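Engineer: Let's see this in three dimensions:
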Amino acid sequence: MATISIRYGRIGGVLSRRWHPDDVTFHHRDLVAARLRNLGFPRDAASQLSRNGTLLHLTPGKVLCHEGERGTQAFLVLEGEAIVVTRDTPVEVGPGAVVGELATLDPRRTRNATVIARTPLRVLVFDVATYRSLAGRDDLRERLAPQRVAA
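Structural biologist: As a prediction, this is how the structure comes out:
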């Protein structure tokens, strides 16, 4: 017999109980992939994005990327809102939005906007090679490489 402690709930209560190790099976639940499915990504695509991205948390007012810098990462907003500041009117983006993709997909281009967290922000960050590979997938191309012009 072994004592297994499991954290649960938002407050972080702990359940301690004696179970025989052969009677216990743990299942990993990918909460990032689940969030991506809620945002409309297909199951397999959500799993690929979750496995290949790095989760980043930003507080309000923090800058995600600066106009004029090289695009070495692309960002997929999971939760929260950000403001994309261009030469024109600032644009607010939220969950499911991709930012920084134009400069990441085109190595000759620099960033055309500064992106600032308006609320607490959770994003998946992708390096250039990974993002290009994911954007080339049929089930992700429309979301990760939208046909639009730089601001």
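Engineer: only C-alpha atoms for contact and neighbour calcs from this point on.
Structural biologist: Noted.
Engineer: Next, the residue lying closest to Thr110 once chain neighbours are set aside: phi, psi?
Structural biologist: Leaving aside its chain neighbours, Thr110 sits nearest to Arg70 (4.8 Å; criterion: C-alpha to C-alpha, 6 or more residues apart in numbering). Main-chain torsions, Arg70, degrees, to the nearest 10: phi -70, psi 150.
Engineer: Tell me how far Arg70 lies from Ala34.
Structural biologist: According to C-alpha to C-alpha, to the nearest Å, Arg70 stands 31 Å off from Ala34.
Engineer: The two: which has the busier surroundings?
Structural biologist: Arg70 (18 against 15; other C-alpha atoms under 10 Å).
Engineer: from what I can see that one touches Ala103, true?
Structural biologist: Yes: if you go by C-alpha atoms under 8 Å, Arg70 and Ala103 touch, sitting 6.8 Å apart.
Engineer: For those two, list the residues in contact with both.
Structural biologist: Residues touching both Arg70 and Ala103 (C-alpha atoms under 8 Å, 6 or more residues apart in numbering): 109-111.
Engineer: And these, which is closest to Val77?
Structural biologist: Using C-alpha to C-alpha, Arg111 is the member of those that sits closest to Val77, with 17.2 Å.
Engineer: for the residue nearest the centre of the chain, phi and psi?
Structural biologist: Taking C-alpha atoms, centre = their mean, the centroid of the chain lies closest to Leu124, which sits 2.3 Å from it. The phi/psi pair for Leu124 (degrees, to the nearest 10) reads phi -100, psi 130.
Engineer: In contact with it, which residues?
Structural biologist: For Leu124, the residues meeting the contact criterion (C-alpha under 8 Å, 6+ apart) are 50, 53-56, 75-78.
Engineer: Most neighbours among these, which one?
Structural biologist: Most surrounded of these: other C-alpha under 10 Å gives Phe75, at 26 neighbours.
Engineer: mind checking which helix or strand it is in?
Structural biologist: Following DSSP states H and E, one finds Phe75 within strand 73-79.
Engineer: what does the average pLDDT come to for that strand?
Structural biologist: Strand 73-79 carries an average pLDDT of 94.
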